[in-house]
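have a look at this prediction, sequence included:
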Amino acid sequence: MKAETRYPLVGLLLILLVLSGAMLALAGGGFNYSELSPRNGATVRSPDTTIRASVTADANIVANSAQITINGETYNATFTEWFTPKDGEIKYNAKNLADGMYNVEFSLEDVNGDVGKRAWQFTVAVPPVISELQPKDKSAHRTVDLIGAKAVDPNGTVESVVLKVNGEAVDADFDAETGYVSYEPGDLPDGENTVTLTATDNSGLSTTRNWSFTTDNTPPAFSNVVPADGAVLENGPPKVSVRIVDEQSVLVEDSIKMFINGEVVAATLEFDYDLWTQKYDKQKATLTYPITSLPHGTVEVRVEANDAAGNEGVLTWEFTIASLPKILEIHPAPNTAITSKRPIITIDVFSSEALTQDSVTLKTKGSVVGTEWTELGDNKYRVTYQPQNEWMLDEEVTLEFTAENSAGQSVTKEWYYLVDVFGDMPGTGDVSGCVHCHDNAEIKGRLCGDCHGYDIDDWHSTCFDCHSPDSVYFPGGHYGYTFGSYPHDMTEDHLVNPEELIGCRGCHSKVLTREHNRKDYTCGTCHAHESETIMDAIAEGRRDCFACHTGEAAGQVHPPHEVTYGEVCGECHGYDMMTEKVEHNDNCSGCHASDNQVYQEAILYNKGSCFDCHETPHGVYMATVPEDVFLYGNVSWGTPQNAEIFSGEAWLPAQLDNSAGRVLFSSRATLDASGLYGLYQSQMEDAGWTLLDSSLDGDGFTLEFKKRNRYCTVWLYSGDVPGGEGSNPAGSRLKVAYH
């Protein structure tokens, strides 16, 4: 029993081994074909096709052994090696294949004489080809006399055609010899017309081609004419514009022209842009032209525009330019705050009629003042004025300008300037600015509090939802709205007592929030100050200068302005910026009201060296190191450099990346990182600096310090830059960046 059950199994295994051996022999000693194209059983729709396959073999393939057999006929194929002679691609470009089934077989031989073959089949079934569409797809025409196309079959004959125009089958002529299908449509409606042509060959294969064209007998339409036809303009030359739209066809860009009094002008054409499709709409456009130099009188405008169908559109209209002078620009802008006490004011005027210096008048504070006169050309003129004496801080200066031309037409403009050198301090813009004075303040209005809480700590939003300048507040879920209001009148709430400013107005503002408007200052700078003197003054409602700045005379309340430089400099310049007369003879505002960034940053960061502002006095670069910045004595130090030279480099801290920052390098030497790390901490702290952050890593360290508004960072490093990789055989280097 046991033997009987085993024999059939052995026999089956032997059969499988024989079959697998036969298959290996068929494959030809380890050939493997893949990625057949066309695929086995596929249908090809072209008489020309590339037959190919990927091949790998166990031995190197003989390239010139590549052959293909097509329906019993053998041809030379091409083998292209890939990475090694054992793999590549075999292919054959077959041409003019008739319809029908094709049995194909690739054959390759390797260097051992083994042959590998791969056979499969595919079908060629080429449908008719439709070309030479008439009219062309997406074209536009006023009239269409013929609709048609060419339908041919590369491997057979076209047996039938069906032509549809606008969805309806029509009786079209078909020339079987040439393949041309034609139809005379007669009158077609304006707009898009669709065409469908279906051709079927003798094998029953069909091809359908769809296209469309536009018939258009309506010229482009014009609208939105500016200035309007017949308009009389009293404010000088206008910008002329017109809207051009064609509902059926695209506009021909080169045909669109504008003529002013018979002369073509360089008008600007802008097609509509669809943000959704991100494409220009070539059927809709606006044509504009700014007239700049025409005198008064009648102006004739003519606009021409054609569409792609050949329709021509023309529009003509007229308007009149009166001779009234026009004020083109006033600088600084009227009714604004200005930062200069002796501003240069310019007024640009246009007049088509003659205008002279004697025919213009400027008044300041009610009195006529002298002006300078400049002719700019093209009937434009400029009046310039600068007051001889400085206007007072916080003064509101009124001005009135009148210009009358030779035609008796005149224009008058009144405005004012607020002399605000320092600018108003902005509100903090968040609740943190309110809690200095309004901690747990009750919110008035029982109905509001029922939903939103009764103090700012549990208020569901921020105070500034209601209290913000020029805002309109729409309460969520409420009907109606309310206008927001800033919680404080920044000017009226901070006016200094007038008698306090006697003799001070040349330098100081009468408004505390302007006087103290500096970089990084907010309401909390004073209202949350650590000084008991300042907090007591606020609590008592005092607004006199000496409530915070103690002292009986102005000279005592001004901070020291001593500077550090050599005795040779002091012989001419002295040792205090407040008494130095060579560079600082225009009082405090020369620095404190300057828009020079170097000056402002020197003030902000408490710089005390002349060379922080004047880097090259007498044409020589000079720099000093503050006495409170420690420099290690056992290395050589270079010359301080402006930190802005290194702006943007990763190692330079952002707070030192400004004109007030300086960078100093030492020579390289073998240095004790741990010892210097402790030495620099103790030396800088003894000089009044506060350590912000520190790190000691192997042979290097970083120390960051702050003193009032000033910053200082010290590095020890062995690479090319602080924090960089690598080392230098000459040793480590110290680098100090400081204010």
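Received it, and whenever you're ready, just let me know what you need.

now do the SS call for Gln248.
Recorded secondary structure, Gln248: coil (DSSP: H, G, I helix; E, B strand; the rest coil).

residues in contact with the spatially closest residue to Val411 that is not a sequence neighbour?
Take Val411 and drop its neighbours on the chain: the residue closest to it by Cβ to Cβ, 6 or more residues apart in numbering is Pro325, 4.7 Å away. C-betas here are computed from N, CA, C, even on glycine. Listed by Cβ atoms under 8 Å, 6 or more residues apart in numbering, the contact partners of Pro325 are Gly236, Val349, Phe350, Ser351, Glu353, Leu355, Ala403, Glu404, Asn405, Gln409, Ser410, Val411.

which residues does the third one contact?
Yep, that's Phe350 we're talking about. Neighbours of Phe350 in contact, by Cβ under 8 Å, 6+ apart: Gly236, Pro237, Pro325, Lys326, Leu328, Asn379, Lys380, Tyr381.

give the bridge partners for it, please.
Beta-bridge partners recorded for Phe350 (DSSP bridges): Lys326, Lys380.

okay, now Val104: neighbour count?
Around Val104 there are 20 other residues, counting by other Cβ atoms under 10 Å.

ah, wrong one, I meant Asp171
6.

what pairs with the helix or strand containing Val55, and is each one parallel or antiparallel?
If you go by DSSP states H and E, Val55 is part of strand 49-56. Strand pairing for strand 49-56, using DSSP bridges, gives strand 32-37 (antiparallel), strand 87-94 (antiparallel).

mind checking which of these is nearest Leu734?
Proximity to Leu734, assessed across these by Cβ to Cβ, is greatest for strand 87-94 (62.4 Å).

which residues are contacting that closest one?
48-57, 61, 63, 66, 68, 70, 75, 77-82, 106, 108.

by neighbour count, which bits of that strand are buried? Give me those.
Gly88, Glu89, Ile90, Lys91, Tyr92, Ala94 (16 or more other Cβ atoms under 10 Å).

quick check: next helix or strand after that strand?
With DSSP H and E setting the assignment, the helix or strand that follows strand 87-94 is strand 100-110.

tell me the strands beside that following strand, with direction?
strand 61-70 (antiparallel), strand 115-124 (antiparallel).

need the ones you listed in TSV with mean neighbour count and mean pLDDT, can you?
Formatted as TSV, the strands paired with strand 100-110 follow (neighbours: other Cβ atoms under 10 Å; pLDDT from 0 to 100):
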stretch	mean neighbour count	mean pLDDT
strand 61-70	18	96
strand 115-124	18	96
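
closest to Leu676 out of these?
Of those, nearest to Leu676 by Cβ to Cβ is strand 61-70, at 71.2 Å.

and that closest one, C-alpha only, in PDB?
C-alpha atoms of strand 61-70 as PDB (Å, rounded to 0.1, in the frame of the first residue of the first chain):
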ATOM      1  CA  ILE A  61      23.900  39.100 -25.200                       C
ATOM      2  CA  VAL A  62      25.200  39.300 -28.800                       C
ATOM      3  CA  ALA A  63      23.700  42.600 -30.000                       C
ATOM      4  CA  ASN A  64      23.700  41.800 -33.800                       C
ATOM      5  CA  SER A  65      21.800  38.600 -33.200                       C
ATOM      6  CA  ALA A  66      18.500  40.500 -32.600                       C
ATOM      7  CA  GLN A  67      15.700  39.400 -34.900                       C
ATOM      8  CA  ILE A  68      12.000  39.600 -35.100                       C
ATOM      9  CA  THR A  69       9.500  37.300 -37.000                       C
ATOM     10  CA  ILE A  70       6.200  38.900 -38.000                       C
END
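
neighbouring contacts of that strand?
51, 55, 74-79, 81, 85-88, 90, 92, 94, 102-111.

give me the ChimeraX select line for these, limited to the buried ones.
Selection of buried members from the contacts of strand 61-70 for ChimeraX, criterion 16+ other Cβ under 10 Å:
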select :51,55,77,79,85,86,88,90,92,94,102,104,106,107,108,109,110
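
give me the neighbour count for the closest residue to Asp110 other than its chain neighbours.
Nearest non-adjacent residue to Asp110, counting by Cβ to Cβ, 6+ apart: Ala59, 4.0 Å away. Ala59 has 16 neighbours, counted by other Cβ under 10 Å.

what does Gly408 give?
8.

please shift the residue numbers so they start at 77 in all later answers.
OK, 77 is where the count begins now, so the last one is Gly484.

buried stuff in stretch 464-479?
Trp467, Leu469, Asp470, Glu471, Val473, Leu475, Glu476, Phe477, Ala479.

ditto for stretch 688-706
Buried residues in stretch 688-706 (16+ other Cβ under 10 Å): Asp688, Cys689, Pro693, Met698, Thr700, Val701, Pro702, Asp704, Val705, Phe706.

phi and psi next, for the last one.
In terms of degrees, to the nearest 10, the main-chain angles of Phe706 are phi -70, psi 130.

verify the stated contact: it with Met760.
Yes - the criterion here is Cβ atoms under 8 Å, and Phe706 meets it with Met760 at 5.8 Å.

and the residue nearest the centre of the chain?
Centroid-nearest residue in the chain, with Cα atoms, centre = their mean: Leu351, separated by 17.1 Å.
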